[in-house]
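Participant: got a sequence here, can you build the structure:
(one chain, ligands or ions: 2)
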Amino acid sequence: MKIIAADVIVSSPDRNFVTLKITTDEGLTGLGDGTLNGRELSVASYLADHVVPLLIGRDPHRIEDTWQFLYRSAYWRRGPVTMAAIAAVDVALWDIKAKAAGMPLYQLLGGASRTGIMAYGHASGRDLPELFDSIRRHLDLGYRSIRVQTSVPGINAVYGVAAQPGVDGKRYDYEPAQRTPLPAEEDWDSRAYLRHLPEVFEAVRNEFGPELPLLHDGHHRMTPIQAARLGKALEPYDLFWLEDCTPAENQEALRLVRQHTTTPLAIGEVFNTVWDYQTLIREQLIDYVRSAVTHTGGITAMRKLLDFAAQYQIKSGIHGPTDISPVGMAAALHLDLAIHNFGIQEYMQHGALTNEVFRQSFTFTDGYLHPGEQPGLGVELDEQVAARFPYVPAYLPFNRLKDGTVHDW
Ligand code: GCO
Ligand code: MG
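Facilitator: Ligands and ions are numbered 1, 2, ... in the order given. Here you go, the predicted structure:
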């Protein structure tokens with residue numbers, strides 16, 4: 001079999017997505033996700049200008065060889081753009097291989113290790129009544145694990161709170177990238193946040209009881225000592241995890257957090273290779289790996305990363321917000337089903353237009369996801385519908401402290 005074409009399709013149904021479609025001389029096609037929120041066109045160009053010409057004529061079955069070739073022959077290693085582009089190729093090739101085998105991808109990865117994939121959803125509110133309503137709505141949708149994000153008194157706009165209006169005045173419902181020509185500016189105050197959050201978790205536990213797994217995302221905004229203090233303060237509320245408590249480029253910082261708290265830690269959605277996790281995993285400084293298949297070089301690299309983590313009893317918590325396309329989500333679900341050290345899967349649910357562009361065969365029943373039994377990934381791209389939604393510039397917001405200093409968002 002030979003690759004005869006590779007097309008980069010940028011489409012913006014509810015938000016921007018970059019999809020790679022690889023076609024073989026035998027008529028099989030495979031899809032890969034290369035979406036990098038707020039920087040989509042860089043990946044599209046990396047693929048179309050530099051990668052697609054290298055793919056034509058190659059044997060699509062040689063996935064490991066293609067991965068190593070793209071990673072090493074570029075000379076310039078790592079980075080989100082490169083790794084998203086490699087991921088798009090890798091996932092598309094796995095899609096083709098599984099279609100050629102007539103099997104759902106998880107079968108090629110070793111078969112199912114569980115019957116379903118526990119997913120968590122995003123509840124949020126500006127105050128407690130709104131937050132409780134949101135948690136109840138998620139429970140009604142079937143979710144059995146819930147991420148909790150709230151507004152903080154004194155801060156105007158906080159990451160992850162859906163009901164607050166975006167800069168265009170519209171509710172931005174879990175879609176942090178806003179369709180504006182410039183990034184929106186939000187504000188931040190760590191002391192106010194650290195005071196407020198434990199009270200919120202106390203109220204949520206009192207209302208919903210001790211059983212419900214609860215998660216929280218700190219979105220890289222704390223220093224190590226602040227993160228240590230928060231982890232400790234949240235211990236009575238038995239979190240499933242505290243996510244991205246510090247900007248973890250400095251992996252050693254997590255030693256300090258770990259010394260002070262038994263709250264489980266999840267890190268890694270902004271990372272893109274196993275190298276970003278070396279200290280974190282070897283020293284067992286985290287409990288969950290948060291990488292996305294899309295941003296970490298695809299199934300091939302994620303499998304190796306998660307196998308490395310497994311040696312240290314560290315589990316998966318694969319990134320699954322709306323900026324991971326249905327193709328990237330499907331790739332995550334096949335991997336989730338196959339690996340032994342599965343932890344939990346984030347599942348934010350795409351909008352109706354996105355679901356029209358990407359026809360999907362995965363299911364969500366009683367809180368559990370399943371990738372379905374279609375050969376390959378089980379996702380089809382309707383290119384005609386996709387063409388109706390051209391790229392729209394959109395940026396993630398950023399934070400400033402009260403004195404104007406730029407802060408992690
Ligand atoms: C999460 C993430 C996202 C990111 C988004 C940025 O835990 O789901 O923090 O909400 O902010 O993916 O593009
Ligand atoms: Mg996060």
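
Participant: what residues does stretch 292-303 touch?
Facilitator: With Cβ atoms under 8 Å, 6 or more residues apart in numbering as the contact definition, stretch 292-303 has outside contacts at 32-36, 63-64, 67, 71, 80, 83-84, 86-91, 94, 105, 109, 269-274, 291, 305, 318-320, 324-325, 328, 331-332, 334-335, 339. Where you see a C-beta, it was placed from the backbone N, CA and C, and this is true even at glycine.

Participant: in PyMOL, how would I select just the buried ones from those?
Facilitator: To isolate the buried members of the contacts of stretch 292-303 in PyMOL, using 16 or more other Cβ atoms under 10 Å:
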select buried, resi 32+33+34+35+36+63+67+71+80+83+84+86+87+88+89+90+91+94+105+109+269+270+271+272+273+274+291+305+318+319+320+324+325+328+331+332+334+335+339
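
Participant: show me what from the stretch 201-350 of the chain comes close to ligand 1.
Facilitator: 217, 219, 269, 321, 323, 346 (Cβ under 6 Å from any ligand atom).

Participant: apologies, that question was intended for the stretch 1-150 of the chain.
Facilitator: Applying Cβ under 6 Å from any ligand atom, one finds that the stretch 1-150 of the chain approaches ligand 1 through N37.

Participant: mind doing that once more with 8 Å?
Facilitator: Taking Cβ under 8 Å from any ligand atom, the part of the stretch 1-150 of the chain that reaches ligand 1 is made up of 37-38, 122, 147.

Participant: return only those of the contacts of stretch 292-303 found close to ligand 2.
Facilitator: Near ligand 2, taking Cβ under 5 Å from the ion as the test, the members of the contacts of stretch 292-303 found are E269.

Participant: what is the burial count for whichever residue of the stretch 301-409 of the chain sits closest to ligand 1?
Facilitator: Residue of the stretch 301-409 of the chain nearest ligand 1, by Cβ to the nearest ligand atom: P321 (3.6 Å). P321: 19 surrounding residues under other Cβ atoms under 10 Å.

Participant: now it. Nearest residue, chain neighbours left out?
Facilitator: Distance criterion Cβ to Cβ, 6 or more residues apart in numbering; nearest residue to P321, sequence neighbours excluded, is M348 at 5.0 Å.

Participant: what's the helix or strand for the one you found?
Facilitator: Assessed by DSSP states H and E, M348 sits outside every helix and strand.

Participant: tell me the phi and psi of it?
Facilitator: M348 has phi and psi values of phi -100, psi -10 when expressed as degrees, to the nearest 10.
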